[in-house]
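In: attaching a predicted model along with its sequence, questions to come.
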Amino acid sequence: MKSKTSKIISVLLWLISLVLAVLIVLQLYKYFSSPEPPGIKTNIKKHENDIIWGSASAPVTIYVYSSYTCKYCTLFFEEVFPEIKENFIEPGHVELVLKLVEIPENPKIMRALQAVICVNKFGKLDKLHELLLYNSNVVFSNEFELLIDDYINSNPDIGNCLVNHGNYEYIRNNNKEFKENQFSGTPTFIIENKVYSGFRSYEKFEEIFQNAIEDATN
């Protein structure tokens, strides 16, 4: 009787081990497999208010939908973008087009994004871009309003830009494109009409970029 019970237990343990092994293999396959990324639903084009790094003659254009309130967007610009800029943008292989979004359309953040667009068009964006990456909550402070006033006083074109585009049409159009394409979150990257959502390491982008460049130049 004990021998029969031991055999049953052994069989059950073997079956459990087999099931666990199959589940582990399935999870590993799911993790390491690279399914084809989905394509875009609505056509995306460059706009004069986009923030652009790189040359228009680059064989590959990368569109990035990003928000300063998104921690993974900040992580991308702080940790990944510098290497992309050095190895792909500056040598002329890739053009990166940033499209700012603010889906809740918070008034303070919308105004800050418009300031970014205007400063980029008529001044130097680097310091403002870095400030918002470092601390996006600064837009709710009186100090930020004073900073915007300084930009306006030092450059009338920036002031006119803020006034003339106070309805935030460009940002709202970015929001519309984001929703129509059913993007799942920021940052979202459009590379050769394929959608890559979420943060990736430089090594992952390096592989994607190299494949895109190879396809575009062959």
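Out: Arrived safely, thanks for sending.

In: give me the neighbour count for the nearest residue to residue 168 once chain neighbours are set aside.
Out: For residue 168, ignoring the flanking residues on the chain, the nearest one in space by Cβ to Cβ, 6 or more residues apart in numbering is residue 110 at 5.0 Å. Every C-beta, even on glycine, is put in place using the N, C-alpha and C of the backbone. Using other Cβ atoms under 10 Å, the number of residues around residue 110 comes to 20.

In: so residue 110 touches residue 104, yeah?
Out: No - in this structure, residue 110 is not within contact of residue 104 by Cβ atoms under 8 Å, at 9.4 Å.

In: ramachandran coordinates for the spatially closest residue to residue 42 that is not a sequence neighbour?
Out: Nearest residue to residue 42 in three dimensions, chain neighbours excluded: residue 180, at 4.5 Å (Cβ to Cβ, 6+ apart). Main-chain torsions, residue 180, degrees, to the nearest 10: phi -60, psi -30.

In: and residue 180, how far is that from residue 197?
Out: Distance, residue 180 to residue 197, by Cβ to Cβ, to the nearest Å: 15 Å.

In: and for residue 203?
Out: For residue 203 relative to residue 197 (Cβ to Cβ), the value is 18 Å.

In: more neighbours: which of the two?
Out: The residue with more neighbours, out of residue 203 and residue 197, is residue 197; 16 against 10, by other Cβ under 10 Å.

In: hang on, the earlier thing: and the residue nearest to residue 42, how far is that from residue 99?
Out: With Cβ to Cβ as the criterion, residue 180 and residue 99 are 13 Å apart.

In: could you check which of these two has the larger neighbour count?
Out: More crowded of residue 180 and residue 99, by other Cβ under 10 Å: residue 99, with 23 against 11.

In: where exactly do the strands run in the chain?
Out: Taking DSSP state E as the criterion, the chain carries its strands at 51-53, 60-66, 94-100, 188-191, 194-197.

In: redo those as JSON lines? Include mean pLDDT and distance to residue 81.
Out: JSON lines is the format used below for those (pLDDT from 0 to 100; distance: least, Cβ to Cβ, whole Å):
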{"stretch": "strand 51-53", "mean pLDDT": "98", "distance to residue 81": "8"}
{"stretch": "strand 60-66", "mean pLDDT": "97", "distance to residue 81": "9"}
{"stretch": "strand 94-100", "mean pLDDT": "98", "distance to residue 81": "8"}
{"stretch": "strand 188-191", "mean pLDDT": "96", "distance to residue 81": "12"}
{"stretch": "strand 194-197", "mean pLDDT": "94", "distance to residue 81": "15"}
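
In: closest to residue 18 out of those strands?
Out: With Cβ to Cβ as the measure, strand 194-197 is the member of the strands of the chain nearest residue 18 (35.5 Å).
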